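Novice: A structural model of the following input is requested.
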Amino acid sequence: MLAWGRAVAEDSAMRKSPGLFAWTVWSVGAIGFFCAFFQRVGPSIMVGELMADFGVSAALLGNLSALYFYAYASLQIPIGVMVDRWGPRRLMTIAWLLAGTGSLLFAAADTLEAAYLGRFLIGVGSAFFFVCSLKIAAVWFPVERFALMGGLTLMAGMAGGVGGQAPTAWTVGVYGWRPTLAAAGIFAFVFAVVCWTVVRDRPGGGRRDLRSHAAPHLLAGLFSALRQPQTWLLAAAASTMSATLLAFAALWGVPYMMAEYGLSRPLAAGSISLMLIGWAVGSPAIGWLSDRVGSRRYPVIAVAVLSAVSFSALIFLRPMPLFLAEGLLFFNGVVSGGMVVLLAAARDSNSAEASGSAVSFVNTAIIFSGALLQPVIGWLLDLNWDGRMEAGARVYSVDAFNTAFLTLVAANVLAIVLCLFVRDSKHRPKES
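Specialist: You can find the predicted model right below:
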């Protein structure tokens, strides 16, 4: 009993003034989320090679890339249960191993089926890192720093997205896509060992709460959140607002910029990276603004309109100078980052017991938008293909891209309509 009391005291002291070790534990999860976003956008700079090596059309390539999203999205709610029960150390170690295995399998794949399996395993492993990083932040850092740690974790992910664009385009150009993915797999195995060695589930070595009612408790919160019409509305609004990032920036943006402006792949990837940088800047800034003005509804309406206008301008106001297009890409990333306000609105619109489940449900819908629209755009590209081939891969015209991207314009317009019905909650849930 005395030892338990000392452990609780140590827990409290370390949470109030987290030191270097707390930051080290968190950084393992943040690096995992960096790699997760790297893998999320990686196929965008390998489009030609993947189509040529596997002999696939744009629609099939879209399905290959989307498998990551299917795996990632389907696991978000279950991971919330697992991390509470088993802790981030075990789960992240397994996640690193799964992501590494998937990356090596993808790199060595001789058939499309093997590539599908590799991509799926990458998605499964990557799904754990954001949730586990937030769990570490909640346990190792004081509650008043939780929003800061969440923002830093998100920025780590955006940095991974930037790393998956121009730098990876250069690496693929020099070494090829297979050695690049193999190196990512080896890195993941190394970090599995680092994770098991370094990470601890809580300060002071205290025991985790392994109560068997954790899963039913989460399911009760989930059912409560799903009974709220506002939860479904917010999920739909967030998924449509994030469609441009997950379908355009994560896959089809690089080949589009190459076709429209005649850029090399590294330069095109650098242009698309501006969207990710903008998203990293905009999401914390607009979230802060929403808190400052005390409203969720009006900020998301504003950013939904600006996102639709900026992306439509990119598609319809052709031709335009490259610097102007890149400015629109950055601006679209900034305003699209305001989608995070919808996650806060989901928390506000539900009870404290159901707010976490509501946020998980909305996040799941966001990821599924990428899984849906990546292959849909690929299918539309195939419908408008003019028969040109280059190095064994299909080459799509700018007009074909613009026709396919009308789906994203429609998604942006739908986001505006949905955001009009977002309401400000008068009573935000209190921290338990």
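
Novice: give me the mean pLDDT for stretch 168-175.
Specialist: Mean pLDDT, computed over stretch 168-175, is 85.

Novice: residues of that stretch that come out buried?
Specialist: Under the neighbour-count criterion of 16 or more other CB atoms under 10 Å, stretch 168-175 has T168, A169, W170, T171, V172 buried. (C-beta placed from N, C-alpha, C; glycine too.)

Novice: ok, the residue nearest to the third one when sequence neighbours are not counted to V413 distance?
Specialist: In space, and not counting its chain neighbours, W170 is closest to P266: 5.0 Å by CB to CB, 6 or more residues apart in numbering. Distance of P266 to V413, computed by CB to CB, to the nearest Å: 33 Å.

Novice: so the two - more neighbours on which side?
Specialist: P266 (19 against 15; other CB atoms under 10 Å).

Novice: tell me the buried residues in the strand or helix carrying the more buried one?
Specialist: Take DSSP states H and E as the rule and P266 turns out to sit in helix 265-293. In terms of neighbour count (16+ other CB under 10 Å), helix 265-293 has its buried residues at 265-284, 286-287, 289-290.

Novice: same for that helix, what does it pack against?
Specialist: helix 146-163, helix 166-175, helix 253-261, helix 297-316, helix 322-336, helix 340-348 (3 or more CB pairs under 8 Å, 6 or more residues apart in numbering; DSSP states H and E).

Novice: I'd like the average pLDDT over it.
Specialist: Helix 265-293 comes out with an average pLDDT of 84.

Novice: pass me the low-pLDDT residue ranges in the stretch 251-400 of the chain, would you?
Specialist: Along the stretch 251-400 of the chain, the model assigns pLDDT under 70 to residues 352-357, 359.

Novice: tell me the contacts of S74?
Specialist: T364 (CB atoms under 8 Å, 6 or more residues apart in numbering).

Novice: secondary structure element for it?
Specialist: With DSSP H and E as the criterion, S74 is inside helix 58-108.

Novice: any idea of the mean pLDDT for that helix?
Specialist: Helix 58-108 shows a mean pLDDT of 85.

Novice: and Y116, how many residues sit next to it?
Specialist: Y116 is surrounded by 18 other residues when neighbours are defined as other CB under 10 Å.

Novice: R90 now?
Specialist: R90 is surrounded by 18 other residues when neighbours are defined as other CB under 10 Å.

Novice: that one and F368, how far apart?
Specialist: To F368, R90 is 27 Å away according to CB to CB.

Novice: tell me the contacts of A166?
Specialist: A166 makes contact with P266, L267, A269, G270, S273 under the criterion CB under 8 Å, 6+ apart.

Novice: so the first one versus V254, what's the distance?
Specialist: Read it as P266. Distance, P266 to V254, by CB to CB: 10 Å.

Novice: got it, and the third one?
Specialist: A269 sits 5 Å away from V254, taking CB to CB as the criterion.

Novice: what sits in contact with each of these two?
Specialist: Taking CB under 8 Å, 6+ apart as the criterion, A269 and V254 both touch S44, I45, Q165, A169.

Novice: and those, which is closest to F38?
Specialist: If you rank the shared contacts of A269 and V254 by distance to F38 using CB to CB, Q165 comes first, at 9.3 Å.

Novice: surely the closest one touches L267?
Specialist: No: contact between Q165 and L267 fails when scored by CB atoms under 8 Å: they sit 10.5 Å apart.

Novice: low-scoring pLDDT stretches of the stretch 101-250 of the chain, where are they?
Specialist: For the stretch 101-250 of the chain, applying pLDDT under 70 flags the ranges 143-148, 150-151, 204-221.

Novice: and with 50 instead?
Specialist: Within the stretch 101-250 of the chain, the segments meeting pLDDT under 50 span 206-215.

Novice: hang on, the earlier thing: quick check: of the shared contacts of A269 and V254, which lies closest to V409?
Specialist: Of all those, S44 has the smallest distance to V409: 19.6 Å, by CB to CB.

Novice: next, the buried residues of stretch 231-251.
Specialist: Neighbour-count burial for stretch 231-251, counted by 16+ other CB under 10 Å, picks out 231, 233-251.

Novice: what do you get for stretch 295-312?
Specialist: Residues of stretch 295-312 classed as buried: 295-297, 299-312 (neighbour count, 16+ other CB under 10 Å).

Novice: now the shared contacts of A269 and V254 as CSV including distance to L383?
Specialist: CSV is the format used below for these (distance: CB to CB, whole Å):
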residue, distance to L383
S44, 21
I45, 24
Q165, 27
A169, 27
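
Novice: pretty sure S242 contacts S369?
Specialist: Yes: with the criterion set as CB under 8 Å, S242 and S369 qualify as a contacting pair; they are 5.8 Å apart.

Novice: so how far is T403 from the nearest residue to L322 once chain neighbours are set aside?
Specialist: The shortest distance from L322 to any non-neighbouring residue, by CB to CB, 6+ apart, is to Y261 (5.3 Å). Computed with CB to CB, the distance linking Y261 and T403 is 18 Å.

Novice: next: V28.
Specialist: The value you get for V28 to T403, if CB to CB is used, is 44 Å.

Novice: neighbour count for these two, which is higher?
Specialist: For V28 against T403, the residue with the higher neighbour count under other CB under 10 Å is V28, and the figures read 24 against 17.

Novice: where's the more buried one, which helix or strand?
Specialist: According to DSSP H and E, V28 maps onto helix 20-41.

Novice: beyond that helix, next helix or strand please.
Specialist: For helix 20-41, the succeeding helix or strand toward the C-terminus, using DSSP H and E, is helix 47-54.

Novice: ok, residues contacting that following helix?
Specialist: 43, 56-58, 60-61, 64, 109, 111-112, 115, 172, 176-177, 251-252, 254-255, 390-394.

Novice: angle of it against helix 166-175?
Specialist: The directions of helix 47-54 and helix 166-175 differ by 40 degrees, with axes from the mean of the first three to the mean of the last three CA atoms, to 10 degrees as the criterion.

Novice: so who does D386 touch?
Specialist: Listed by CB under 8 Å, 6+ apart, the contact set of D386 reads S397, A400.

Novice: let's test this: what are the backbone torsions at it?
Specialist: D386 has phi and psi values of phi -100, psi 10 when expressed as degrees, to the nearest 10.

Novice: closest to F330 out of the shared contacts of A269 and V254?
Specialist: Of all the shared contacts of A269 and V254, Q165 has the smallest distance to F330: 13.4 Å, by CB to CB.

Novice: if I look at that closest one, how far off is A159?
Specialist: Spatial separation of Q165 from A159 under the definition CB to CB is 11 Å.
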